[in-house]
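Participant: Quick one, fold the following:
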Amino acid sequence: MGSNIKTRNIQLIVKYLGIFTGLSLLNACSLTQATSTLRQPITIDGSSTVYPITEKVVEDFNKQNQGKLQATAGFSGTGGGFRKFCAGEIDITNASRPITKKEMEACKNTNIAYIELPIAFDALTVAVNKQNNWADHVTVQELKTMWQPTAQRNINTWNQVRNSWPERPLKLFGPGVDSGTFDYFTEAIMGTAGASRSDYTASEDDEILERGVAADPNALGYFGLSYYEQNRDDLKALAIDNGQGPVMPSVENVKNGTYRPLTRPLFIYVNATKAQNNPVITEFLDFYLRNVADTVTQVGYIAFNPEDYNLLYRNFHKTKVGTVYGGVAQFDLTMRDVLTKRSEY
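Facilitator: This next block holds a predicted model:
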């Protein structure tokens with residue numbers, strides 16, 4: 001009898017030890033999975049114009065965390081970034097224009113809610129080679145003459161754009177069709193997004209465009225102000241005349257609202273669900289918004305005032321999803337306009 005009791009006691013001890021061990025393993029497994037989720041790299045893609053800002057923030061964030069928390073950034077263009085973002089493949093996308101109606105619908109179809117955060121302003125810059133001694137400004141109509149679809153195979157020399165310019169080959173460099181800069185420029189100059197000649201050297205990498213213009217005395221290209229500022233020894237920016245006289249791309253002229261129609265806000269879009277479920281994304285974005293004003297200035301774009309980033313910080317933490325632009329680009333917005341729209345959001 002005593003032997004049977006001892007046997008049953010041993011069996012119960014083994015049973016409870018097994019349950020405890022199983023629970024311990026389960027908890028350990030759950031903890032490992034949670035830790036793994038929290039430590040997954042934050043994935044960012046999109047605009048090559050916004051890339052220098054985000055790249056610097058990512059570099060500083062990774063350095064501060066000494067490799068424990070990682071963010072990675074690439075540049076497939078604004079359109080390419082939105083395709084990945086709306087498919088749920090990345091956490092954050094950089095954008096050099098607001099999200100379009102088509103992209104809004106794509107995100108809706110995959111249940112991707114997004115937080116729209118303007119982070120800076122840009123003076124989209126039209127630049128020529130430093131050896132160009134005939135052009136110092138260009139009108140909006142002349143840009144249209146160069147770049148409109150009917151210019152293909154028809155407008156091939158500088159003097160075809162303006163009679164006083166020389167009969168030299170016109171070599172054009174511009175963003176590819178996945179670029180938000182391409183979308184913005186074509187809509188601002190031609191009146192329709194995507195309306196452009198295609199017989200030019202195209203790339204989603206603005207550095208390739210900058211190097212192309214710097215290497216060819218007959219070249220003209222367009223890209224973000226940062227890429228011009230970083231290479232101004234090799235390039236010459238053209239003033240833009242929209243009918244009220246030539247105005248150079250500069251921080252001052254963006255702030256005073258005179259550089260039109262190529263002034264534009266720059267954005268990041270955040271997957272709201274991923275941000276809520278992964279504290280590392282929240283930590284990264286807190287770091288981003290605390291440091292982005294200095295970073296924007298360092299890389300050559302135009303920052304909002306430091307206190308304005310507090311508004312963006314509050315919007316992020318209130319998880320205000322959606323866009324204030326309704327899928328339509330606007331070309332007359334000042335920095336104050338953008339922040340006013342945001343505060344009413």
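
Participant: Could I get the full set of strands for the stretch 151-300 of the chain?
Facilitator: 171-174, 201-202, 219-223, 235-237, 239-241, 246-247, 263-271 (DSSP state E, counting those that start in this stretch).

Participant: Against which helices or strands is the longest one packed?
Facilitator: What it means is strand 263-271. helix 78-86, strand 92-95, strand 114-123, helix 279-299 (3 or more C-beta pairs under 8 Å, 6 or more residues apart in numbering; DSSP states H and E). C-beta: built from backbone N, CA, C; applies to glycine.

Participant: Packing partners of the second one?
Facilitator: So the one you mean is strand 92-95. strand 42-46, helix 51-64, helix 78-86, strand 263-271.

Participant: Distance check, Ser96 against Asn278.
Facilitator: 26 Å (C-beta to C-beta, to the nearest Å).

Participant: These two: which has the busier surroundings?
Facilitator: Ser96 (28 against 18; other C-beta atoms under 10 Å).

Participant: quick check: domain ranges of the protein?
Facilitator: 41-120+265-343, 125-248 (automatic domain parsing).

Participant: for these, which one sits closest to Val254?
Facilitator: Across the domains of the chain, Val254 has its closest neighbour in domain 41-120+265-343 (4.9 Å, C-beta to C-beta).

Participant: Please compute how far the closest one lies from its chain's middle.
Facilitator: Averaging C-alpha positions (C-alpha atoms, centre = their mean, to the nearest Å) puts domain 41-120+265-343 7 Å from its chain's average.

Participant: Wait, Ile112 touches Lys84, no?
Facilitator: No - judged on C-beta atoms under 8 Å, Ile112 makes no contact with Lys84 at a distance of 10.7 Å.

Participant: Any regions of the stretch 1-150 of the chain where pLDDT drops low?
Facilitator: 1-39, 67-68 (pLDDT under 70).

Participant: repeat that with 90
Facilitator: Applying pLDDT under 90 to the stretch 1-150 of the chain flags the ranges 1-41, 48-49, 61-77.

Participant: on that earlier part again, mean neighbour count and distance to Thr145 for the helices and strands packed on strand 263-271 - can I get that in JSON lines?
Facilitator: Below are the helices and strands packed on strand 263-271 laid out as JSON lines (neighbours: other C-beta atoms under 10 Å; distance: least, C-beta to C-beta, whole Å):
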{"stretch": "helix 78-86", "mean neighbour count": "26", "distance to Thr145": "26"}
{"stretch": "strand 92-95", "mean neighbour count": "29", "distance to Thr145": "29"}
{"stretch": "strand 114-123", "mean neighbour count": "24", "distance to Thr145": "22"}
{"stretch": "helix 279-299", "mean neighbour count": "19", "distance to Thr145": "32"}
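
Participant: Please convert these to JSON lines, extending it with distance to Gly245.
Facilitator: Shown next, in JSON lines, are the helices and strands packed on strand 263-271 (distance: least, C-beta to C-beta, whole Å):
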{"stretch": "helix 78-86", "distance to Gly245": "31"}
{"stretch": "strand 92-95", "distance to Gly245": "31"}
{"stretch": "strand 114-123", "distance to Gly245": "16"}
{"stretch": "helix 279-299", "distance to Gly245": "27"}
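
Participant: The residue nearest to Ile92 when sequence neighbours are not counted: how many residues sit nearby?
Facilitator: Excluding its sequence neighbours, the residue lying closest to Ile92 (C-beta to C-beta, 6 or more residues apart in numbering) is Ile44, at 4.5 Å. Applying other C-beta under 10 Å, we find 27 residues neighbouring Ile44.

Participant: Ile44 touches Gln70, doesn't it?
Facilitator: No - if you go by C-beta under 8 Å, Ile44 and Gln70 don't touch, sitting 11.2 Å apart.

Participant: Find the centremost residue of this protein, please.
Facilitator: Asn94 (2.5 Å; C-alpha atoms, centre = their mean).

Participant: Would you confirm that it contacts Pro52?
Facilitator: No - taking contacts as C-beta under 8 Å, Asn94 lies outside contact range of Pro52: 9.9 Å.

Participant: what about stretch 312-325, average pLDDT?
Facilitator: Stretch 312-325 carries an average pLDDT of 83.

Participant: now for the strands of the stretch 151-300 of the chain, which one comes closest to Ala123?
Facilitator: For those, the distance to Ala123 is smallest for strand 263-271, at 5.8 Å, taking C-beta to C-beta.
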